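Enquirer: fold the following.
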Amino acid sequence: MNIKGIFHFFITSVFAFLSLHAIAQNTATVYGKITDAEGVAVENVTISILGSPAAPAYTNDKGVFEYPVPANTEITIVFSNINYNQFRKKIKLKEGERQEINSALEFKNNMDVVEITGD
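Expert: Predicted coordinates for the structure are as follows:
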């Protein structure tokens, strides 16, 4: 690599680092665990910001998630899964702040009795 190539790589790296640093300064993080009413982890719960085009996060097989959110702005975090009632929480975090949100989602359809009839 010649001197010009090294200089170009260095300048590009510095700008990339500064851009990432600037983005990180404007964010906070929500994290936690989502379970059902019995305390069993719920996998594939979608975590999103109400009204935002930002990509959502999802809980893993242990119900755990971590999601970067905009700082210094009141937002509503939405937790949803097709089998459970949606849960919403309003938050406003400072830059770099981390907030734990743990929730037990309520199952949508509690069927007590299933009746099967046939001829």
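
Enquirer: what's the single longest strand in the protein?
Expert: strand 27-36 (DSSP state E).

Enquirer: what residues does the following helix or strand past that one touch?
Expert: Next in sequence after strand 27-36, counting helices and strands by DSSP states H and E, comes strand 46-49. Applying Cβ atoms under 8 Å, 6 or more residues apart in numbering, the contact partners of strand 46-49 are 30, 54, 56-59, 65, 67, 69-70, 75-81. Every C-beta, even on glycine, is put in place using the N, C-alpha and C of the backbone.

Enquirer: just the ones of the residues you listed in strands?
Expert: 30, 57-58, 65, 67, 69-70, 75-81.

Enquirer: between these, which is nearest V45?
Expert: Among the ones in strands among the contacts of strand 46-49, N81 lies closest to V45 (Cβ to Cβ), at 4.7 Å.

Enquirer: just give the number of residues close to that closest one.
Expert: The number of residues packed near N81 is 20, by other Cβ atoms under 10 Å.

Enquirer: so what does the nearest residue to it once chain neighbours are set aside look like in phi/psi?
Expert: Sequence neighbours aside, V45 is the residue nearest to N81 in space, at 4.7 Å (criterion: Cβ to Cβ, 6 or more residues apart in numbering). Note on V45: backbone dihedrals following degrees, to the nearest 10 are phi -80, psi 130.

Enquirer: list the residues that contact V45.
Expert: I34, Y58, T59, G63, F65, F79, S80, N81, Y84, L105 are the contacts of V45 under Cβ under 8 Å, 6+ apart.
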